[in-house]
Every structure is written in structure tokens, then in C-alpha cells.
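Q: Next input, structure requested:
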Amino acid sequence: MDVTSRFVLDFARRFAGGAGKPAGCAILDFGCGAGQLVAEARAAGLNMQGADVYYSGSNARAEAVAAGLLGTAVHEIRDGRLPFPDASFDLVVGNQVMEHVEDLGSELAAIHRVLKPGGTLLSVFPSRDVWREGHIGIPFAHWFPRGSRARSLFAWALRSVGFGYWKEQAPTRRQWAIDKLAWIDAHTHYRPRAEIFAAFDRYFRNEGREADYIRYRLCQRRWRAPAARLLSLPPVRAAAVALFRKLAFLVIVSRKEDR
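A: Presented below is the predicted three-dimensional model:
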């Protein structure tokens, strides 16, 4: 499990163990993929379920079936509707999901529906501002106009000098660039931060929690842990968050009004 997934899992653990939380509070992993996080959470004693649309760009559905999760702990989203009653969950987590959502407002409305009043949504995903395109490993690839020749040449050139992920999936560097750019065109939707927060603000009270993630990441190594104390200094925290959003992603904690 990668560091970000561990952060999400630890957030869920702390949430479930918080004062005043109901015993066995219900948690949903929205966009759970193969269900690894769901399996880890359930093994840790958390009441977590998963849901995903299973788009054609991944093998996650087959992996969920092979793991025996689909139809039990993991559920398939059909016709854009989460397969749960209203107010089913205390916490919803979305780990690197929202950049794959075509209609952000509709998905947030669906999450709002299944959250209990006073419930929480944790969203971890990149905005358009990020420098690193994390799916194919070509920085700034998502900044170019889709289908542009300049982007194709740029991706091909960077692949030729060693950039890129899943390099074995194409016979030539040029074909790799063509295939991977087609993949991000088909399966990603990068939005400016202002547009993202405007969509979230329609449904939730929101706060950025990137500093929490940075602190968590620093504390994963003993020799880095003392640096986490610097985040208590407002100028350092502001600079760290601004840089982190450019290099990695947003961390948004959203709360549904308790009414």
C-alpha cells in the first residue's frame, strides 16, 4: 500500500475512533478500484464498503472479482447512481478519484446524498495546477491542448530521455506517447482549483488539509520527523502547501451540514 493510501486509511481509523463517533461507523471508499483499501480497512476492523464505476481504462474490476470483493464488500456503480440508501455513511473517502470524474457536481451530489448529516468526505486528488501528471509520468502533459502536435512531440521527447510510466506497454517510444496521451484524454479531467472549490462549496463546508498530509509524510521516516515541527510556523506552512499543490495534489476535508 502506498503512502497516500496509508494516509487515507489512518484518517479513517482516527475518524472511526474519534470521540462521539458511533460504534462501527460506516465508511465508503468512493472509486475503490480493485478494493485494496477496503480489504485493508476491513482487516483492521473498520466497517468500510467500496464502490466504483469500473471504466474501461483499468483492470480493477477483474481484480475485485478475483479477490472475491465485488458484490460483497465492493459494489459497482451503474447509471451514475451510488447503490446505497440516503444517509448511509459517516465518512466517504476518495483517493485519487475526482480527476477521473467527468461531471464533478453530479458525483458530489451523489456523495452528499449517501452521507449522514454531519458526515465527512475526504478527497485526495490533483488539480490542473499540478506540474506532474501522475498517471503517465510526463510533467505538464495535461496542460497542452488535447490532440495537439506540440504535446505529442513533447511527450515523445521526454519519454525518449527516460520519463514515463508503464514503459513496457508499447513497442516504441513514439507509440507509447500516442497511447498514453490518448489514455489521459479518455480518462482524466483536470480542473483549476477555483472550479473545484466552487463545486465542493455547493454541497459542503470545506477546508484544505495538505499540511496534515505533509506532516504525515514527514513522520513516516524518523530522520525527517523533526522537520514536521516547522509546519507550525505559518509562513513555512503556507509555502509548503503551495509547493505541495504544484507537485502532488489537493487534500480536501468536506463536511455535510448537520441538519
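Q: Can you tell me which helix or strand of this protein has the lowest average pLDDT?
A: Ranked by mean pLDDT, DSSP states H and E, the helix or strand of the chain with the weakest confidence is helix 60-66, at a mean of 89.
Q: mind listing what's buried in that one?
A: The neighbour-count check on helix 60-66 (16 or more other C-beta atoms under 10 Å) flags 60, 61, 64 as buried. C-beta: built from backbone N, CA, C; applies to glycine.
Q: between the residues you listed, which is closest to residue 38?
A: residue 64 (8.9 Å; C-beta to C-beta).
Q: Would you confirm that that closest one contacts residue 75?
A: No - using C-beta atoms under 8 Å, residue 64 is not in contact with residue 75; the gap is 9.8 Å.
Q: Common neighbours of the two, please.
A: Both residue 64 and residue 75 lack any common contact, where contact means C-beta atoms under 8 Å, 6 or more residues apart in numbering.
Q: before we move on, the earlier item: what's the closest of the buried residues of helix 60-66 to residue 146?
A: Proximity of the buried residues of helix 60-66 to residue 146 (C-beta to C-beta) peaks at residue 60, which lies at 24.3 Å.
Q: Contacts only, for that closest one.
A: Residues near residue 60 by C-beta under 8 Å, 6+ apart: 33, 34, 52, 54.
Q: need the contact list for the last one.
A: Contacts here follow C-beta under 8 Å, 6+ apart; on that basis residue 54 touches 60, 61, 64, 76, 77.
Q: Recalculate using a threshold of 10 Å.
A: Applying C-beta atoms under 10 Å, 6 or more residues apart in numbering to residue 54 gives the contacts 31-34, 60-62, 64, 70, 74, 76-78.
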